[in-house]
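[1] Build me a model:
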Amino acid sequence: MSATQPLVAPVVLSIGDPAGIGPELIAEAWHRRTSAGLPPFIVTGGVEVLRAASTARGLDVRITPVSAPNEALEAFADGLPVLAGLDAEYRPGHPDQSGAALALGSLEHATEIAIAGAASALVTAPIAKSELGKIGFDYPGQTEFLADACDMAARDAVMMLAGPSLRTVPLTVHCALSGVPGLISHDLICHKARIVSASLARDFGIERPRLAIAALNPHAGEDGKFGNEEARIIAPAIAALREEGIDATGPHPADALFAPHARSRFDAALCMYHDQALIPLKALEFDQGVNVTLGLPIVRTSPDHGTAFDIAGKGIADPGALIAAIRMAGECAARRTAQGAHG
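    The predicted model follows:
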């Protein structure tokens, strides 16, 4: 590991929707484990799905069924460790309820293992929320599910998108753009900024994180011509954060915030809405983008892409984001382990 010290438990992966690209990318990640510098990992369920996905990808990956997470550390060098249990038929590009049942069971089992401490971190492969909804999954996404599983309020689990040169945080997530101004508040900005600052220090080793707070309106409102949220809400929140000792700046006009020279001046950009945060990240680092959930008692990452049913099973999906998610999960977990050992 590049961070501090080796892990004492494997990273656990949920398989995601078996009709998507998750299974083949998991097999590819294991295939590249040495060159990519990945920590040992284990998958919850889907032995036959992973075998078929590996074959479809043209890989010779040995799938090794195991009965407990701790077996993964020894098994990982010679095969991809998979906790035997739920399985499904591998039908890439054709999601169904049996596949959704595997995806949900795998997510639940992986989460239990991570919360129990039998895994050092959790990486979740992409799911199809529409399919999961048919079998009773009533969360907006996996982040909200994880917050509930950790007995936390959903607002305390903060989504951050991270790549090699940029980290962004959407302060509002899955809502209509027309609803964003009514959701932006002094409390929302301060609450999430505190979580982001503390998490960057704990999990990313940034001693004094620099937060750039984006404006909501064009030109940061231009003295009220295009809106007053900057003067009325965002600037006072930034002032309050600075009084607390958090290095926050802004409101920054979003159209200039992600230029190369600007990105060097902050460690994370807090954005007012979903696309304001995700467009620059995906434009710059689509195949290396990682979704990190900040504020949880466990480390959780996910590749910043979906199930991609249209290309599943064709061997063309890029594994870069999943590999980055596994690597980042291991690095964050190693930092937490080191801090515990030194505490």
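
[2] Make sure I have this right: A119 is in a helix.
    No: counting by DSSP: H, G, I helix; E, B strand; the rest coil, A119 falls outside a helix, being coil.

[3] wait, what's in contact with it?
    9-12, 42, 69, 110, 113 (Cβ atoms under 8 Å, 6 or more residues apart in numbering). No exception for glycine: its C-beta is placed from N, CA and C like everyone else's.

[4] helix, strand or coil for the residue positioned nearest the centre of the chain?
    With distances taken as Cα atoms, centre = their mean, N291 lies nearest the centre of the chain, 2.4 Å away. What three-state DSSP gives for N291 is strand.

[5] how much space between it and D267?
    17 Å (Cβ to Cβ, to the nearest Å).

[6] returning to what we had before: give me the number of residues near the nearest residue to the residue nearest to the centre of the chain once chain neighbours are set aside?
    Nearest residue to N291, sequence neighbours excluded (Cβ to Cβ, 6 or more residues apart in numbering): S302, at 4.3 Å. By the criterion of other Cβ atoms under 10 Å, S302 has 28 neighbours.

[7] Please verify my assumption that A254 contacts C271.
    Yes: with contacts counted by Cβ atoms under 8 Å, A254 reaches C271, the gap being 7.0 Å.

[8] which neighbours do these two share?
    With Cβ under 8 Å, 6+ apart, A254 and C271 have common neighbours A214.

[9] if we can go back for a sec, packing partners of the helix or strand where the residue nearest to N291 lies?
    Under the criterion of DSSP states H and E, S302 resides in strand 300-303. If you count contacts as 3 or more Cβ pairs under 8 Å, 6 or more residues apart in numbering; DSSP states H and E, strand 300-303 packs onto strand 121-124, strand 290-294, helix 320-342.

[10] Point out the one among these that comes closest to K225.
    strand 290-294 (34.5 Å; Cβ to Cβ).

[11] just the angle between that closest one and helix 320-342, please?
    On the basis of axes from the mean of the first three to the mean of the last three Cα atoms, to 10 degrees, strand 290-294 is oriented at 30 degrees to helix 320-342.
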